[in-house]
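Engineer: Provided below are the primary sequence and the corresponding predicted coordinates.
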Amino acid sequence: MAAVGWIGLGNMGGYMSANLVAAGHTVRGYDLNPAAVAAAGERGVETVDSIADAVAGADVVFTMLPKGEHSRSVYLGEDGVLAHADTGTLLVDSSTIDVESAQALHDAAAAAGFRFVDAPVSGGISGAEAGTLTFMVGGEPGPVQEAAAFIEPMAGNVIPTGGATTGQAAKICNNLMLFINLAATSEGAVLADRLGLDKQVFWDIASVSSGDSWALRTWYPMPGVVASAASNNDFAPTFTAELANKDINLAIAAARDTGTPLEIGEHVQQLFQRLVDAGHAGKDCSMIVSLVDGSLAEGDGTGAQVSSAGRS
């Protein structure tokens, strides 16, 4: 069994690290959020007080952080991973970040003598808890193969994507499609309801017809239909509107860099921005349905923003 360093014990990282513990690995975890640290400790993670303590003697280090700025700080800071880990340690960043930051981490790690892969995930909190995430792993073939062995207890699928940053590229494009699907699902669900269709009957039809999507099956925005949906719990976050807005903005930035028009994606980003501006950054992203059904209270200031570096 391996010694694992884990940095970022938030909504995703907390469950992911617990699955490594359940597989028999020793996991030392660090996060800035005391509540996340306490929850991870209850799941068997050995919690520590610094990045240096988390990476000391580790065979592999995983990071699961909200944004590129957090990943840069954790890896490149004077008290960061590259400053304290042994060069024999494999480094795996499972954050969803911009391609530029991912390339900077690859370059810095290589210059310092480390093996590094970008390995973002898809599957949400439910997938993190169940150990069924899809990992998209970019980097040199040797480190990618090494990483797959450590990833296995957390994953339903481990897919090599190619060279450096291709894992991030795959994740950005996937999430662009996800959030467009979520917006479309919200519009279809509200229209079906207003046309007099029973919401369960409509979901039963759409889920086996051409309107089907992961968003429909997992995040259906009408309450009382899909057990895993945040719509059943006043949109308590499974994936926040703030993070959805961040992810779709990553796609828009990449599209601009490559001269790719994203007219639908840019419109959906504006919808998430309205949620954030109305004070709902910390609510679930499926609350986008409130822009369709008219229930959004614009500018009401509710829903605290998520700012902890441990949330992901």
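Structural biologist: Good, I have the coordinates.

Engineer: most residues in a single helix of this protein, which one?
Structural biologist: helix 166-194 (DSSP state H).

Engineer: any idea of the mean pLDDT in that helix?
Structural biologist: Average pLDDT, helix 166-194: 98.

Engineer: following element in sequence after that helix, please.
Structural biologist: Remark: after helix 166-194, the chain's next helix or strand is helix 199-206, criterion DSSP states H and E.

Engineer: CA atoms only: put that following helix into CSV for me.
Structural biologist: Extracted as CSV, the C-alpha positions of helix 199-206 are listed here (Å, rounded to 0.1, in the frame of the first residue of the first chain):
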residue,chain,number,x,y,z
LYS,A,199,-43.0,15.9,-14.1
GLN,A,200,-42.2,12.3,-13.4
VAL,A,201,-43.9,11.2,-16.6
PHE,A,202,-42.0,13.7,-18.6
TRP,A,203,-38.7,12.7,-17.0
ASP,A,204,-39.5,9.0,-17.8
ILE,A,205,-40.0,9.9,-21.4
ALA,A,206,-37.0,12.2,-21.8
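
Engineer: beyond that helix, next helix or strand please.
Structural biologist: helix 214-218.

Engineer: what pLDDT, on average, does the helix or strand following that following helix get?
Structural biologist: Proceeding N to C from helix 214-218, the next assigned helix or strand is helix 241-258, under DSSP H and E. Taken as a whole, helix 241-258 has a mean pLDDT of 96.

Engineer: quick one: mean pLDDT over the helix or strand just after helix 241-258.
Structural biologist: Downstream of helix 241-258, the next assigned helix or strand under DSSP H and E is helix 263-277. Helix 263-277 comes out with an average pLDDT of 98.

Engineer: return the residue of this structure that is most distant from the centre.
Structural biologist: What lies farthest from the middle of the chain is G196; by C-alpha atoms, centre = their mean that is 35.7 Å.

Engineer: show the contacting residues for that residue.
Structural biologist: Applying C-beta atoms under 8 Å, 6 or more residues apart in numbering to G196 gives no contacts. Quick note: C-beta positions are derived from backbone N, CA and C, even for glycine.

Engineer: ok, it to S209 distance?
Structural biologist: 19 Å (C-beta to C-beta, to the nearest Å).

Engineer: need the pLDDT of L90.
Structural biologist: Per-residue pLDDT puts L90 at 98.

Engineer: for it, give me its contacts.
Structural biologist: Counting by C-beta under 8 Å, 6+ apart, L90 has contacts D59, V60, V61, F114, R115, F116, V117, P143, E146, A147, F150.

Engineer: cutoff 7 Å now
Structural biologist: Residues in contact with L90, defined by C-beta atoms under 7 Å, 6 or more residues apart in numbering, are D59, V60, R115, P143, E146, A147.

Engineer: as TSV, those residues with distance to L176 and secondary structure would be great.
Structural biologist: Below are the contacts of L90 laid out as TSV (distance: C-beta to C-beta, whole Å; DSSP: H, G, I helix; E, B strand; the rest coil):
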residue	distance to L176	secondary structure
D59	34	coil
V60	30	strand
R115	29	strand
P143	27	helix
E146	29	helix
A147	25	helix
